[in-house]
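S.K.: got a sequence here, can you model it:
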Amino acid sequence: MNSRQIVRILIQIVVMVAIFAALLWYVGIGSLYNALLNIKVEYLVLAFACYFGINIFFTVRLRRVLAKDGIKTSFGKTLMAQYAGMLTSDVTPGRTGYVLTPLYLRDQNVPASKALSGILSIQTIEFLAKVAGGVGAIILLVSIVPAANWAQFGTFAGINLELLVAILGVALMLTGAIVLALFTWSERAISLFNRIANWRFLKRFTGGLMGKLEEYKESSHNNRKAIPEIVGLTMVCWLLKGFEWYFLSLALGLVFPGLNPVMTWLALFLIHPLVTALGFIPITPAGLGVQEVGIVGIFTLLFTLPVSKETLALIGAFALLARGLLIIEDLAGVPQIVKSTSGLASSIKKPERQADTQKAPA
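M.R.: Residues are numbered from 1 along each chain as shown. Have a look, this model is predicted:
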């Protein structure tokens with residue numbers, strides 16, 4: 001790692017800390033502590049269960065895509081690889097660490113190029129689903145949020161700032177979906193990606209993640225057969241995410257005025273993809289701080305002004321728990337990360353030792 005990369009990482013950490021410090025000051029540390037202290041554990045457990053269910057279906061989705069390409073995998077090992085990929089994405093800018101999931105599948109002898117092709121196919125559909133949800137969230141917010149609530153954030157170029165951020169989030173996800181679709185299904189883009197992935201340094205770091213170009217192209221073609229299953233399982237996961245956030249709101253006693261339980265669930269179901277799009281902004285690791293500010297900003301739109309300190313604390317606690325729940329459960333992937341990275345290090349050192357042996361005088 002060179003000095004420029006170190007400086008960039010340090011800047012991201014400083015920005016993240018500054019955002020969280022401002023957020024904690026805004027919602028109030030004392031009130032936030034009280035909100036977390038009075039949490040209803042039974043609903044928190046249900047939220048954890050929903051996220052566990054999401055990872056189960058993510059694993060099923062990945063296995064089905066690989067099966068379309070003739071690859072058989074173990075459910076348990078693939079689940080651990082899924083958690084490892086999610087944990088890596090939790091600490092990398094733009095959540096790009098998830099593309100390292102093929103490394104965590106190597107202990108099942110899954111060709112890296114086939115795994116990467118499958119993951120990019122899945123993420124393309126995932127991003128398109130988030131775009132649809134984000135558009136739905138914007139329509140819902142515009143229809144139910146009073147004009148006075150929008151006015152509190154001011155305007156830029158005649159557009160409300162909060163609405164502008166929401167639109168930018170959707171545009172970001174759409175851009176990501178288009179880029180992934182090109183890398184997955186466009187032969188010209190695949191060829192370009194192959195050259196990038198096989199740069200000497202990147203290839204050494206990833207252990208030849210891309211693999212053979214023709215194998216990748218073949219896998220991309222096979223993955224198209226799995227699109228209906230990807231869409232179906234993605235929708236199941238999206239439904240579970242709506243329940244996860246709904247149970248989090250119940251755990252904190254966060255009640256949105258004027259919304260019955262069904263409308264509350266629908267609002268959280270649609271707002272989730274809009275807010276999590278901010279996690280892909282690469283100014284901090286996995287959008288840490290940025291996403292939380294987005295949750296606080298959008299949730300406050302649903303309350304009558306001025307928003308009380310107690311309500312702000314509940315919203316802040318929700319934002320922190322929505323992130324913390326993921327990271328805590330994703331820690332299940334630590335053993336797989338250790339196992340895979342140590343195996344990769346050994347495979348890199350082995351050729352070096354062999355080269356040194358060959359150079360040694362007889």
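
S.K.: ok, and the closest non-adjacent residue to the residue positioned nearest the centre of the chain?
M.R.: Computing the C-alpha centroid of the chain and ranking residues by C-alpha atoms, centre = their mean puts residue 95 first, at 5.6 Å. Nearest-residue entry for residue 95: residue 89, 4.1 Å, with adjacent residues in sequence omitted and distances by C-beta to C-beta, 6 or more residues apart in numbering. For every residue, glycine as well, the C-beta is placed using N, CA and C.

S.K.: before we move on, back to that, return the residues in contact with the residue nearest to the centre of the chain.
M.R.: 89, 279, 280, 286, 287 (C-beta atoms under 8 Å, 6 or more residues apart in numbering).

S.K.: same check, this time on residue 42
M.R.: So residue 42 contacts residue 251 (C-beta under 8 Å, 6+ apart).

S.K.: how near is the closest residue to residue 261 other than its chain neighbours to residue 268?
M.R.: Once flanking residues are discounted, residue 261 sits nearest to residue 246: 8.0 Å by C-beta to C-beta, 6+ apart. According to C-beta to C-beta, to the nearest Å, residue 246 and residue 268 sit 5 Å apart.

S.K.: ok, these two, which is more surrounded?
M.R.: Neighbour count, other C-beta atoms under 10 Å: between residue 246 and residue 268, residue 268 has more, with 24 against 21.

S.K.: touching stretch 59-79 from outside, list them.
M.R.: So stretch 59-79 is contacted by 55-56, 82, 101, 105, 107-108, 110-111, 114-115, 117-119, 121-122, 218-219, 222-223, 225-226, 229-230, 233-234, 237 (C-beta under 8 Å, 6+ apart).

S.K.: right, and the helix or strand after the helix or strand that contains residue 30?
M.R.: Element membership for residue 30, per DSSP states H and E: helix 29-37. The helix or strand immediately downstream of helix 29-37 is helix 41-68, counting by DSSP H and E.

S.K.: what comes up buried for the helix or strand following that following helix?
M.R.: Sequence order places helix 75-90 as the next helix or strand after helix 41-68, per DSSP H and E. Along helix 75-90, these residues count as buried under the neighbour rule (16 or more other C-beta atoms under 10 Å): 77-90.

S.K.: re earlier: what helices or strands is the helix holding residue 30 leaning on?
M.R.: If contacts are counted by 3 or more C-beta pairs under 8 Å, 6 or more residues apart in numbering; DSSP states H and E, helix 29-37 sits against helix 309-330.

S.K.: what is the mean pLDDT for the helix it packs on?
M.R.: Averaging pLDDT along helix 309-330 gives 91.

S.K.: tell me the angle of it relative to helix 75-90?
M.R.: Using axes from the mean of the first three to the mean of the last three C-alpha atoms, to 10 degrees, the inter-axis angle of helix 309-330 relative to helix 75-90 is 130 degrees.

S.K.: list the buried residues for helix 309-330?
M.R.: Those would be 311-323, 325-326, 329-330, for helix 309-330 by 16+ other C-beta under 10 Å.

S.K.: what's the answer for stretch 268-276, then?
M.R.: 268, 269, 270, 271, 272, 273, 274, 275, 276.

S.K.: can you map out the strands along the stretch 101-250 of the chain?
M.R.: 155-156, 159-160 (DSSP state E, counting those that start in this stretch).

S.K.: rank those strands by pLDDT, which is bottom?
M.R.: Among the strands of the stretch 101-250 of the chain, strand 155-156 carries the lowest mean pLDDT, at a mean of 58.

S.K.: burial count for residue 172?
M.R.: Counted with other C-beta under 10 Å, residue 172 comes out at 19.
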